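Colleague: fold the following, please.
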Amino acid sequence: MRSEAEIRTRLRSFVRRRAGDRPVSDSTPLLADRILRSVHVPELILLLERLRGAPIDVERLRPGDFDSIDAIVERFGPAS
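Modeller: Okay, the predicted model is just below:
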């Protein structure tokens with residue numbers, strides 16, 4: 001399992017590669033601002049599983065889990 005700082009760094013990189021030249025912070029609404037689209041979610045889940053060292057049960061996903069980097073780390077970070 002990775003540290004929260006490392007998870008945030010990897011998530012920022014993942015998001016910035018898809019954001020183009022749009023500014024993105026940890027609180028930017030990723031789906032609402034169309035930084036990420038639904039087609040990115042499976043790749044994001046795979047990344048999170050690698051970073052956590054544990055699978056994510058897609059049956060337990062909730063609305064808002066991927067709203068922002070902050071929301072992702074809160075839900076899927078090392079303390080979860």
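Colleague: look up how far Arg60 lies from Asp26.
Modeller: Using CB to CB, to the nearest Å, Asp26 is found at 23 Å from Arg60. Bear in mind the C-beta positions are built from the backbone N, C-alpha and C, glycine included.
Colleague: tell me which of these two has more neighbours.
Modeller: Of the pair Asp26 and Arg60, Asp26 is the one with more neighbours under other CB atoms under 10 Å, namely 14 against 8.
Colleague: shaky segments in the chain?
Modeller: Along the chain, segments meeting pLDDT under 70 span 1, 79-80.
Colleague: what segments of it are helices?
Modeller: 4-19, 41-52, 69-76 (DSSP state H).
Colleague: including mean neighbour count and distance to Leu31, could those helices go into a markdown table?
Modeller: Formatted as a markdown table, these follow (neighbours: other CB atoms under 10 Å; distance: least, CB to CB, whole Å):
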| stretch | mean neighbour count | distance to Leu31 |
| --- | --- | --- |
| helix 4-19 | 15 | 11 |
| helix 41-52 | 16 | 9 |
| helix 69-76 | 18 | 10 |
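Colleague: between the ones you listed, which one is nearest to Arg34?
Modeller: helix 4-19 (9.7 Å; CB to CB).
Colleague: quick one: the closest one to chain centroid distance?
Modeller: With CA atoms, centre = their mean, to the nearest Å as the basis, helix 4-19 stands 8 Å off its chain's centre.
Colleague: can I get it as CSV, trimmed to CA atoms?
Modeller: C-alpha atoms of helix 4-19 as CSV (Å, rounded to 0.1, in the frame of the first residue of the first chain):
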residue,chain,number,x,y,z
GLU,A,4,-1.5,9.2,0.8
ALA,A,5,1.1,11.6,-0.6
GLU,A,6,2.1,9.1,-3.3
ILE,A,7,-1.5,8.2,-4.1
ARG,A,8,-2.3,11.9,-4.6
THR,A,9,0.8,12.4,-6.8
ARG,A,10,-0.2,9.5,-9.0
LEU,A,11,-3.8,10.6,-9.2
ARG,A,12,-2.7,14.2,-10.1
SER,A,13,-0.6,12.8,-12.9
PHE,A,14,-3.5,10.6,-14.2
VAL,A,15,-5.9,13.6,-14.1
ARG,A,16,-3.5,16.1,-15.6
ARG,A,17,-2.8,13.8,-18.6
ARG,A,18,-6.5,14.0,-19.4
ALA,A,19,-7.1,17.6,-18.5
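Colleague: alright, that wraps it up for me.
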